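Enquirer: what follows is a predicted protein model with its sequence.
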Amino acid sequence: MAKRKVLKFPDERLRKISKPVIEFDDELFELLDDMRETMYANDGMGLAAPQVGVLIRAVVMDINGNFFELINPKITFQEGEQIDEEGCLSVGNFNDKVKRPMKVTVEAQDRLGYKYQITGEKYFARCVCHEIDHLDGKLFIDKSENGKEFIKKCGGK
Ligand code: NI
């Protein structure tokens, strides 16, 4: 395993739409292992592959000590609403309030390609939404209260 460099906004790769994972092979396993190590080394709750410059739909998360790998994740159900502070390893020293669903159901594949479904609330729901946004080139600063100012300040888009 190896730590990888986390891209920082306004790196343009963070704005790309990532491609679905088709091959569940050694290259994917190595990437996921590296993402896990990189996330823990940076005290993150989640990390999406594009944040390490690999534009595929793969995510790792740790919610209250439970580790998740989500490949090709899709939200199939959501309900309720929560507003709380969010941050991002690709955004650095800026946290801001973002509205998210309170509860989500997500369909994904594991590293071997097997499909599974999981429902979670609060931090889980917030983190899944945040990470799936990364796969679509979106960042929490696009949605947060003071995000536009921050984007302008960084000279980003
Ligand atoms: Ni993030």
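Expert: Looks like it came in fine.
Enquirer: can we go C-alpha only for contacts and neighbour counts from here?
Expert: OK.
Enquirer: which one's the longest helix in this structure?
Expert: Longest helix of the chain, by residue count under DSSP state H: helix 26-41.
Enquirer: strands along this structure, start to end?
Expert: Ranges of strands within the chain are 46-48, 58-63, 66-79, 82-86, 96-100, 103-109, 115-121, based on DSSP state E.
Enquirer: please identify the most buried of these.
Expert: For the strands of the chain, average neighbour numbers computed from mean count of other C-alpha atoms under 10 Å are highest in strand 46-48, which has a mean of 28.
Enquirer: gap between that strand and the chain center?
Expert: Relative to the chain's own centre, strand 46-48 is displaced by 4 Å; criterion: C-alpha atoms, centre = their mean, to the nearest Å.
Enquirer: check stretch 88-107 too.
Expert: Relative to the centre of its chain, stretch 88-107 is centred 8 Å away, using C-alpha atoms, centre = their mean.
Enquirer: check which helices and strands the longest helix of the chain is in contact with.
Expert: When contacts are defined as 3 or more C-alpha pairs under 8 Å, 6 or more residues apart in numbering; DSSP states H and E, helix 26-41 packs onto strand 46-48, strand 58-63.
Enquirer: quick one: closest of the ones you listed to Glu149.
Expert: Nearest to Glu149, of all the helices and strands packed on helix 26-41, is strand 46-48, at 24.2 Å by C-alpha to C-alpha.
Enquirer: mean confidence for the closest one?
Expert: Mean pLDDT, computed over strand 46-48, is 98.
Enquirer: other residues contacting that strand?
Expert: 35-36, 39, 57-62, 89, 127, 131-132, 134-135 (C-alpha atoms under 8 Å, 6 or more residues apart in numbering).
Enquirer: if we go to 6 Å?
Expert: For strand 46-48, contacts defined as C-alpha atoms under 6 Å, 6 or more residues apart in numbering pick out 58-61, 131.
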